[in-house]
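J.: Pasted the sequence and its predicted model underneath.
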Amino acid sequence: MKFVDRTSEQARLKESFQRETASFIVLYGRRRAGKSRLIRQVLTKNDVYFLADQSEAAQQRVLLAKVMASVIPGFDKVIYPDWETLLDTFNLRVKQKGRLKTTLCLDEFPYLAKSAPELPSILQKIWDDKGGLNYNLVLCGSSQQLMYGLVLDSSAPLYGRADEIMKIKPMRLAYIQEVLKCSDIEAIEEHSVWGGIPRYWALRLTEPTLATALKKHLLSSQGILYDEPMRLFLDDMRDTVHSFTILSLIAAGCHRLSEIASRLGKPATNLSAPLEKLVSLGYVEREVPFGENYKNSKRSLYKIADQFLNFYFKYVVPYRSFIEIEQANVILNRIQEHFSEYVSLHWEKLCRDAVPHLTISGVTFNPAARWWGNPAKNVSMELDVVAVSHDEKSLLVGECKWSDRILSTDELFAELERKAALLPFAKGKTIIPVLFLKQKPTRACEKVVLVPKDILAALK
């Protein structure tokens, strides 16, 4: 798969490498997000990239010395008794060669630190005397928890020493269309399954259709992604079974803390920490109604934030028995029956994400959220998209529809404006109604209607 996007990350890394003094850079983020590919994209033939594994420290030094020998010929002819000797010798040899400053990247750094717990302190010592350092240092890791503990925690030896700390997030929506060469609608459907993880896109490319890719990689006990969530959780979770269970319950419709606690037979207070952990890792999101304080709201809902995990826990976990007896077609039929409904929830989220990047009727807006509540006695109501303008004079209210049916925009706008009139926080504001539709209306509409092409452009 060709390399796309990450332009700002590449520019930031290159700028750091070109500073007069040595730079210390930390990259972290979930597995398969493209960290290694990104760093290899900006390294040159004069740099050293080393992918650590879980072997003993002495073996790791031998392997690293072999890689260093590609920059310093003969470097691997010596056995280095410890990490400090290896790194000091490398620094000296780089200086002796009269090279321009090189870069040393230690990928999957937590593996190195596990086999050699003294390594972070050695790097601290080296970095505190970086005036004599002839190479940039990049530490990279997939275990967000371990990278935090080794580098970002205030008690860590390397805390406060990094010149750049970059969390590599999933890729943006628009680039899945560039990679898969698909239509606007197909891009949103594909993104609802694979999310923004480049490795999943590459696997999707191995098959001609979404259905065949799902059947091969997910809906088979031999599929490469069949046990993917457990591999992700092993990077960052002490209790992988607990996390697996929580996500299974959320996917099954338990969105309130009380509901999850009831199904687990545990006090709600016992779930605050594991849920916050899942939120911090980007696997779960906590949603509160528009206008409410995020910290204090008692109407929180928990949803799976990662699209791949959302799909997995909705369509793989409940049907494992069918997968084990090679009845993938049963699950594919189920997916096909409900796919439009499944994508519609992702469409809503994408529309909310796009709002701050849009100018609608000459107005720009703050981040959007969903709203639900009881605006009047015996009246229960929900709005898919609500956002206030930067000047706080206008209020965007939006309805999202993911349907192939021809919809009456007149009726949809009338219903939207009726709901907006009931909102307690809409008084004194200009209401800007917006429809977010899968298909363009068949006839011209004076009011704002946005379709997948508009959302893709906004989120690029």
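T.: Perfect, I can see it now. No experiment lies behind these values; they were computed from the predicted model shown.

J.: Figure out how far the one helix or strand Asp454 maps to is from the centre of its chain.
T.: Counting by DSSP states H and E, the element that carries Asp454 is helix 452-458. Centroid separation between helix 452-458 and its chain, computed with C-alpha atoms, centre = their mean, to the nearest Å, is 20 Å.

J.: before we move on, what about stretch 263-272?
T.: 26 Å.

J.: Residues touching it, excluding its own?
T.: 245-246, 249, 254, 257-258, 260-261 (C-beta atoms under 8 Å, 6 or more residues apart in numbering). The C-beta positions use only the backbone N, C-alpha and C, and glycine is treated the same way.

J.: Of all residues in this structure, which one is nearest the centre?
T.: Pro170 (3.7 Å; C-alpha atoms, centre = their mean).

J.: Look up phi and psi at that one.
T.: phi -60, psi 150 (degrees, to the nearest 10).

J.: Please renumber the chain so that the first residue is 26 from this point on.
T.: OK, 26 is where the count begins now, so the last one is Pro195.

J.: Quick check, it in contact with Lys60.
T.: No. The pair Pro195 / Lys60 is not scored as a contact, 11.5 Å apart, by C-beta atoms under 8 Å.

J.: With adjacent residues omitted, what lies nearest to Gly220?
T.: Counting by C-beta to C-beta, 6 or more residues apart in numbering, Gly220 lies nearest to Gln332, which is 3.5 Å off, once chain neighbours are set aside.

J.: any idea how far the one you found is from Trp372?
T.: As judged by C-beta to C-beta, to the nearest Å, Gln332 and Trp372 stand 12 Å apart.

J.: Quick one, grab the pLDDT at Lys27.
T.: pLDDT for Lys27: 59.

J.: returning to that earlier point: okay, and the common contacts of Gln332 and Trp372?
T.: With C-beta under 8 Å, 6+ apart as the test, Gln332 and Trp372 both reach Ser217.

J.: Let me know the helix or strand that Ser146 is in.
T.: Here Ser146 is assigned to helix 144-153, by DSSP H and E.

J.: follow-up on the earlier one: buried residues in the helix holding Asp479?
T.: 477, 479-481, 483 (16 or more other C-beta atoms under 10 Å).

J.: cool, and stretch 252-263?
T.: 253-254, 257-258, 260-262.

J.: Give me the mean pLDDT for that stretch.
T.: 84.

J.: circling back to that earlier point, I'd like the mean pLDDT over the helix holding Asp479, please.
T.: 96.

J.: and that helix, what does it pack onto?
T.: helix 199-205, helix 209-219, helix 353-379 (3 or more C-beta pairs under 8 Å, 6 or more residues apart in numbering; DSSP states H and E).

J.: can you list the residues that contact whichever strand or helix holds Ala83?
T.: When elements are assigned from DSSP H and E, Ala83 belongs to helix 82-93. Under the criterion C-beta under 8 Å, 6+ apart, residues 73-75, 77-78, 80, 100-101, 103-105, 107-108, 111, 115, 136-137, 140-141 lie in contact with helix 82-93.

J.: Separate out the buried members of the residues you listed.
T.: Buried members of the contacts of helix 82-93, scored by 16+ other C-beta under 10 Å, are 73-75, 77, 100-101, 105, 108, 111, 115, 136-137, 140-141.

J.: Which of the residues you listed sits closest to Gln66?
T.: Nearest to Gln66, judged by C-beta to C-beta, of these is Tyr74 at 10.8 Å.

J.: Pull the number of nearby residues for Tyr173.
T.: Tyr173 sits with 16 neighbouring residues when counted by other C-beta atoms under 10 Å.

J.: Give me the nearest residue to it, chain neighbours excluded.
T.: Tyr53 (7.6 Å).

J.: Could you report the separation of that neighbour from Arg31?
T.: Distance, Tyr53 to Arg31, by C-beta to C-beta: 15 Å.

J.: Only the buried subset of the contacts of stretch 288-297, as a ChimeraX command please.
T.: In ChimeraX, this line selects whichever of the contacts of stretch 288-297 come out buried by 16+ other C-beta under 10 Å:
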select :270,271,274,279,282,285,286
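
J.: since we're on Ala277, how many residues are nearby?
T.: 14.

J.: whoops, I mixed them up, Met191
T.: Neighbours around Met191, by other C-beta under 10 Å: 21.

J.: Could I get the phi/psi values of the closest residue to it other than its chain neighbours?
T.: Using C-beta to C-beta, 6+ apart and skipping residues adjacent in sequence, the residue nearest Met191 is Leu52, 5.1 Å away. Reported as degrees, to the nearest 10, the phi and psi values for Leu52 are phi -120, psi 130.

J.: Give the burial count for Leu52, as a bare number.
T.: 25.

J.: what's it in contact with, if anything?
T.: Per C-beta under 8 Å, 6+ apart, neighbours of Leu52: 60, 63-64, 163-166, 191, 193.
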